[in-house]
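In: Dropping a prediction and its sequence here:
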Amino acid sequence: IGTVCALAELPRATLNSKFMNDFSSFLDIVPCTRVAISSFCHGNYQEMTQALNKLKPFQKESFHCRSKLTKMLRHIRQRVFVDFFESYTAIKLADIATKIGGTVDSVKSMAIGLIKARKLPARIDAVNTVM
């Protein structure tokens, strides 16, 4: 859970320097967390999403961590979405879905939520599915 908290909140540079170097041995306990942090630091969001999906069994096993882990994983996905979109002035929703993993509908739903929450300064062209 500590690695997921770090991924949700710490800047990319800190993740890269502290976690990948200083806490390397702890990341080996749950290898998918190493992959998630490394992928995030290198901008490979689809691989990061796949690694985080491997944590889903932990969500089901731990009653105490279930809701917190679900919220943190949602926050990470939102953070990735906003980080990814900052590089573009316009991009097709299908391209976002391919790059970060997911479906066009899930990307559209997340984008709408982030736009409404004023966390993403964007508009969606529903006809051309471009943001």
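Out: Looks like it arrived, so ask away. Because the structure is a prediction, the values reported are computed rather than measured.
In: How is residue 87 assigned, secondary-structure-wise?
Out: Here residue 87 takes the coil state, with states given by DSSP: H, G, I helix; E, B strand; the rest coil.
In: Could you report the separation of it from residue 99?
Out: With distances defined as CB to CB, to the nearest Å, the gap from residue 87 to residue 99 amounts to 10 Å. All C-beta spots, glycine's among them, are computed from the backbone N, C-alpha and C.
In: again, but for residue 90
Out: Residue 90 sits 14 Å away from residue 99 when distances are taken as CB to CB.
In: Looking at the two, which is more packed in?
Out: Residue environment comparison for residue 90 versus residue 99 gives the larger neighbour count to residue 99, 17 against 11, counting by other CB atoms under 10 Å.
In: where's residue 102 relative to residue 5, distance?
Out: From residue 102 over to residue 5 (counting by CB to CB), the distance is 22 Å.
In: meant to ask about residue 24, not that
Out: 17 Å.
In: So between the two, which is more surrounded?
Out: Higher neighbour count among residue 24 and residue 5: residue 5, with 14 against 11, using other CB under 10 Å.
In: Identify the residue nearest the more buried one in space, chain neighbours excluded?
Out: residue 72 (6.3 Å; CB to CB, 6 or more residues apart in numbering).
In: for residue 101, same thing?
Out: Per CB to CB, 6+ apart, closest to residue 101 is residue 49, 3.7 Å.
In: Go ahead and confirm that neighbour touches residue 99.
Out: No. The pair residue 49 and residue 99 fails to qualify as a contact (CB atoms under 8 Å) at a distance of 9.8 Å.
In: now the helices for this protein?
Out: Taking DSSP state H to define them, one finds helices in the chain at 2-9, 12-14, 24-27, 31-41, 45-53, 56-61, 63-85, 93-100, 104-116.
In: tell me, what residue is most central in the protein?
Out: Averaging the C-alpha coordinates of the chain gives a centre point, and the residue nearest to it by CA atoms, centre = their mean is residue 77 (3.0 Å).
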